[in-house]
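Undergrad: structure for this input, please:
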Amino acid sequence: MLPSPVSLSPARRANLLIALASALLAGCGPAPAPAPARPAGQVPVVVDTARFTKESIGLPFEGKPWISHVVIADLDRDGRNDVLACDDKLNGIVWLRQAAPGKFTESTLMAGLPSPVHVEAVDMDGDRDLDLLVSCMGEVFPNNDKIGSVVILENDGAQQFTKHVIADRIARVTDIRAGDFDGDGRLDLAVGQFGYDQGEIRWMRNLGNWQFESKILLNLSGTINVCVADLNGDRTLDIVALVSQQWEEIHLFENDGKGNFTGKIIFGSTNEDYGSSGLTLGDLNRDGRPDLVYTNGDGFAYADPGKRPWHGVQWLENVGNGNFRYHRIADLPGAYAPVVVDLEGRGVMDIVCTSGFNDWQNPASVALVAFRNDGQMNFTMHVLAHAPIQLITCAAGDLDGTGRTSIVTAGFYSYPPFDRMDRFTLWRPAARP
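TA: Prediction:
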């Protein structure tokens, strides 16, 4: 089922029960009839499994890895990018430091965090080192208790961290991003809270000295991601949020520059089981405005976890003034973790994403794909790998100093089959003939 943008009235919203997580070119005259347009959601497919070489990195593992998020950042500022990750088996943040070119050593930066599911590296206190924003759910699987927390790990410059619990005993927290929303020179926070029956989206004003004041933007369960950018061209930072569960909506909160936000729905699916799974930003069409790339492939909430025929990838074109136009890119079972990146150094933005839920009994099911953009927003799906399977997080960046893009993926294995597993996989671009 394909979605269409909607704008829900307050009356309709009040009646919804809270629950779990082209036109054809016309021929003329005697000219031959044009070929039928490709149905929405179908794109050319290329099997391209030789494009990257894969390598397991990090410590050896036993059992079933539970890595909920990876991000690439140069944590120690040595000029080489590293990998940071949330390990929900350890309840900690791990650092895969690139100690020498191409060589990674793993250490735990902070343990004892209650189900960390998202980490961002940002200098929160202006001392020129990277602190860590950690979103803690308290429990990954459905739970309606107020067990979430907002945590900042303050870096002393030598990668020793002090934990600041900015907010706790709140609905389960899934994403935190930084931005100066009120123009006072201090970085504030945008926070998404999935909750379960009850969730929230809030921004937290930075009062200084690790003290923050909360302002609730929306009382709604199911938020997965929040992103921060100037989305309406007024030179102030706005917040956009992906809300899943039965809502299946994207909300835009436009900022007046003083921290006063006006919210509106910019996308909604009529399918309450659409399976929203990820949202990211990127200027896909190179018009200077940040667009949204959005995946729907979640299967956690189903009694029979797995793929659904409506799973896929789409982008919302920023047409200016806070307005967006929906485009379906492709169907993709279990689509997760979209990343916008120039894979080939052409100056054109492509999309990489994973499959978290698929028919894993079929060895031909895809686990990692790239959508190559021809520069005119026509995409070809490149199948990069069939294994490891059950990948729900992905990051891309220059990990060898050559300017070429590598990919890092990680596995979260909560449902069978428990084979073809890996904790962290590094995908290096292969030499082309």
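
Undergrad: map the structural domains onto the sequence of the chain.
TA: Per automatic domain parsing, the domain ranges recorded for the chain read 40-64+275-433, 113-268.

Undergrad: now render those as a markdown table, adding mean neighbour count and mean pLDDT.
TA: Backbone N, C-alpha and C define where each C-beta goes, glycine included. Listed next are the domains of the chain as a markdown table, based on neighbours: other C-beta atoms under 10 Å; pLDDT from 0 to 100:
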| stretch | mean neighbour count | mean pLDDT |
| --- | --- | --- |
| domain 40-64+275-433 | 19 | 95 |
| domain 113-268 | 20 | 98 |
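
Undergrad: could you pull out the strands for the stretch 301-433 of the chain?
TA: In the stretch 301-433 of the chain, the strands defined using DSSP state E, counting those that start in this stretch lie at 312-320, 323-331, 335-341, 350-355, 368-373, 379-385, 391-397, 406-411, 424-429.

Undergrad: so I176 is in contact with L189, correct?
TA: Yes - with contacts counted by C-beta atoms under 8 Å, I176 reaches L189, the gap being 5.6 Å.

Undergrad: who touches both of the two?
TA: 133, 150 (C-beta atoms under 8 Å, 6 or more residues apart in numbering).

Undergrad: so for N155, which of the strands of the stretch 301-433 of the chain sits nearest?
TA: Taking C-beta to C-beta, strand 391-397 is the member of the strands of the stretch 301-433 of the chain nearest to N155, at 19.6 Å.

Undergrad: what is that closest one packed up against?
TA: Applying 3 or more C-beta pairs under 8 Å, 6 or more residues apart in numbering; DSSP states H and E, we find strand 391-397 packed against strand 67-73, strand 335-341, strand 350-355, strand 406-411.

Undergrad: the last one to strand 379-385, inter-axis angle?
TA: Just to be clear, that refers to strand 406-411. If you take axes from the mean of the first three to the mean of the last three C-alpha atoms, to 10 degrees, strand 406-411 sits at 60 degrees to strand 379-385.

Undergrad: and N255, what does it touch?
TA: Going by C-beta under 8 Å, 6+ apart, N255 touches 181, 236-239, 261.

Undergrad: just give me the closest of these to F357.
TA: Of all the contacts of N255, F357 sits closest to I239, with 28.1 Å by C-beta to C-beta.

Undergrad: where does the closest one land in three-state SS?
TA: Classification of I239 using DSSP: H, G, I helix; E, B strand; the rest coil returns strand.

Undergrad: residues in contact with it?
TA: 177, 179, 181, 190, 201, 203, 217, 226-228, 252-253, 255, 261.

Undergrad: state the distance from the nearest residue to S276 once chain neighbours are set aside to G222.
TA: Closest residue to S276 apart from its sequence neighbours, by C-beta to C-beta, 6 or more residues apart in numbering: S244 at 3.9 Å. Per C-beta to C-beta, to the nearest Å, S244 is found 4 Å from G222.

Undergrad: how about L284: what's its closest non-neighbour residue?
TA: Closest to L284 by C-beta to C-beta, 6+ apart is D291, at 4.7 Å.

Undergrad: show me the contacts for that neighbour.
TA: Counting by C-beta under 8 Å, 6+ apart, D291 touches 281-285, 315-318, 324.

Undergrad: now do the contacts for I407.
TA: Neighbouring residues of I407 by C-beta under 8 Å, 6+ apart: 52, 339, 352, 368, 384, 394-396, 426-427.

Undergrad: now do 10 Å
TA: By C-beta atoms under 10 Å, 6 or more residues apart in numbering, the contact list for I407 reads 52, 54, 70, 72, 339, 341, 343, 352, 354, 368, 370, 384-385, 394-397, 399, 425-429.

Undergrad: repeat that for C227.
TA: Residues near C227 by C-beta under 10 Å, 6+ apart: 175, 177, 179, 190, 192, 238-242, 250, 279-281, 290, 292.

Undergrad: want to try CSV for the contacts of I239, with distance to I152 as columns?
TA: Shown next, in CSV, are the contacts of I239 (distance: C-beta to C-beta, whole Å):
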residue, distance to I152
R177, 12
G179, 14
F181, 16
A190, 14
I201, 19
W203, 15
L217, 20
V226, 16
C227, 19
V228, 16
L252, 26
F253, 22
N255, 22
F261, 22
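
Undergrad: so which of the contacts of C227 are in helices?
TA: Among those, no member falls in helices (DSSP state H).

Undergrad: which residues of the stretch 151-300 of the chain fall in strands?
TA: All strands of the stretch 151-300 of the chain, identified by DSSP E, counting those that start in this stretch, fall at 161-170, 173-179, 188-193, 200-208, 211-218, 223-229, 238-243, 249-255, 261-268, 276-282, 291-296.

Undergrad: returning to what we had before: so the residue nearest to S276 touches Y196, yeah?
TA: No - applying C-beta atoms under 10 Å as the test, S244 and Y196 come out as separate, 11.6 Å apart.

Undergrad: now tabulate the strands of the stretch 301-433 of the chain in a markdown table and tack on distance to G297.
TA: Shown next, in a markdown table, are the strands of the stretch 301-433 of the chain (distance: least, C-beta to C-beta, whole Å):
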| stretch | distance to G297 |
| --- | --- |
| strand 312-320 | 7 |
| strand 323-331 | 10 |
| strand 335-341 | 3 |
| strand 350-355 | 7 |
| strand 368-373 | 11 |
| strand 379-385 | 14 |
| strand 391-397 | 9 |
| strand 406-411 | 15 |
| strand 424-429 | 19 |
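
Undergrad: closest to K103 out of these?
TA: Nearest to K103, of those and by C-beta to C-beta, is strand 424-429 at 10.9 Å.

Undergrad: packing partners of that closest one?
TA: Judged by 3 or more C-beta pairs under 10 Å, 6 or more residues apart in numbering; DSSP states H and E, strand 424-429 is in contact with strand 52-56, strand 67-73, strand 82-87, strand 92-100, strand 103-110, strand 379-385, strand 391-397, strand 406-411.

Undergrad: one more time with 6 Å
TA: In terms of contacts (3 or more C-beta pairs under 6 Å, 6 or more residues apart in numbering; DSSP states H and E), strand 424-429 is packed against strand 52-56, strand 406-411.

Undergrad: turn those into CSV, including distance to W95.
TA: Below are these laid out as CSV (distance: least, C-beta to C-beta, whole Å):
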stretch, distance to W95
strand 52-56, 17
strand 406-411, 13
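
Undergrad: so which of the ones you listed is nearest V150?
TA: Closest approach to V150 among the helices and strands packed on strand 424-429 (C-beta to C-beta): strand 406-411, 22.7 Å.

Undergrad: given the closest one, what are its sheet partners and their directions?
TA: Sheet neighbours of strand 406-411, with direction, are listed as strand 391-397 (antiparallel), strand 424-429 (antiparallel) (DSSP bridges).

Undergrad: so which of those is nearest L90?
TA: Among the strands paired with strand 406-411, strand 424-429 sits nearest to L90 (C-beta to C-beta), with 13.1 Å.
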